[in-house]
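# Have a look at this prediction, sequence included:
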Amino acid sequence: MAKMELAPVRPWDDFFPGAERFAKPDFADLTKWNNRVISNLLYYQTNYFAAAVVVFLIVGFLNPFGMFLGGTVVTLVFMGSVWAGENKATIKNFKRKNPTLFVIGVMATSYFLLSLCGGVMVFIFGITFPLLLILVHASLRLRNVKNRLENKIEGVGLKKTPMGIILDLLDQQEEKINKIQDFIESKLKE
């Protein structure tokens with residue numbers, strides 16, 4: 001297994017190049033949309049992390065205790081759901097087949113627990129808003145050649161990044177690895 005390394009920060013003109021590199025996803029083909037989101041999450045992960053940190057810092061500056069509480073609750077709920085997914089076949093199958101619903105479930109559980117503590121606004125602005133921005137960008141941003149190459153390298157296991165580990169925990173990498181393996185095998189046979 002490759003050691004973990006951070007992906008480079010992508011230049012602003014690559015991350016947000018203009019309207020011509022953005023398009024509405026094909027909602028009829030969920031597999032293609034899912035692949036676009038996963039590819040962009042892997043390729044722009046450092047940019048997404050930086051944007052989320054900026055929002056976290058702003059909200060954390062305005063309400064430090066609430067942000068700490070919200071981050072702790074979401075982390076514990078996510079870790080608990082990943083553990084349950086690894087130890088319960090039903091949850092693992094659900095997580096693999098419905099990754100978006102799984103994440104929504106984690107967020108809904110976190111929301112419920114934070115509402116008991118009075119930290120709902122911090123949750124909405126400090127945690128949910130950055131995730132929504134990331135999902136919107138990853139859904140709309142068209143992939144480029146460098147993006148596809150980086151994702152193939154990560155998928156084969158030559159490189160491991162933090163987003164790759166998170167996607168592994170959500171069982172979203174296995175399909176990509178199988179597709180890449182099939183592609184490589186077909187090329188070797190030719």
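Ah, there it is. Every value quoted in this text rests on a predicted model; they were computed, and no experiment measured them.
# okay, which residue is most central for the chain?
L41 (5.3 Å; CA atoms, centre = their mean).
# Check the gap between that one and R143 for me.
Look at L41 and R143: by CB to CB, to the nearest Å, they are 11 Å apart. Placement of C-beta: from N, CA and C, glycine included.
# Quick check, pLDDT for F183.
F183 is assigned 53 on the pLDDT scale.
# biggest helix in this protein by residues?
When the chain is parsed with DSSP state H, its longest helix is helix 64-87.
# list the buried ones in the helix or strand following that helix?
Counting by DSSP states H and E, the element after helix 64-87 in chain order, helix or strand, is helix 89-97. Across helix 89-97, burial judged by 16 or more other CB atoms under 10 Å covers I91, F94, K95.
# sorry, back to before: show me what contacts the residue nearest to the centre of the chain?
Contacts for L41 (CB atoms under 8 Å, 6 or more residues apart in numbering) come out as Y48, I134, A138, M163, L167.
# now the residues you listed in a markdown table, with neighbour count, distance to N87 and pLDDT?
As requested, the contacts of L41 are exported to a markdown table (neighbours: other CB atoms under 10 Å; distance: CB to CB, whole Å; pLDDT from 0 to 100):
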| residue | neighbour count | distance to N87 | pLDDT |
| --- | --- | --- | --- |
| Y48 | 23 | 29 | 89 |
| I134 | 20 | 28 | 87 |
| A138 | 21 | 29 | 85 |
| M163 | 20 | 24 | 76 |
| L167 | 21 | 19 | 72 |
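# Cross those residues against helices and list the overlap.
Per DSSP H, the subset of the contacts of L41 in helices is Y48, I134, A138, M163, L167.
# The first one - nearest residue in space that isn't next to it in sequence?
Closest residue to Y48 in three dimensions, ignoring its sequence neighbours and counting by CB to CB, 6 or more residues apart in numbering: I134, at 4.7 Å.
# P11: neighbour count?
10 (other CB atoms under 10 Å).
# Ok, the one 5 residues further on next?
Per other CB under 10 Å, the neighbour tally for F16 reads 14.
# OK, contacts around it?
Per CB under 8 Å, 6+ apart, neighbours of F16: none.
# Pull up the gap between it and L114, please.
Taking CB to CB, one finds F16 at 31 Å from L114.
# do N63 as well
From N63 to L114 the distance is 12 Å (CB to CB).
# Same question for L30.
30 Å.
# What distance do you get for the closest residue to K24 other than its chain neighbours to T46?
Closest residue in space to K24, ignoring its immediate chain neighbours: L140 at 7.0 Å, by CB to CB, 6+ apart. Distance of L140 to T46, given as CB to CB: 19 Å.
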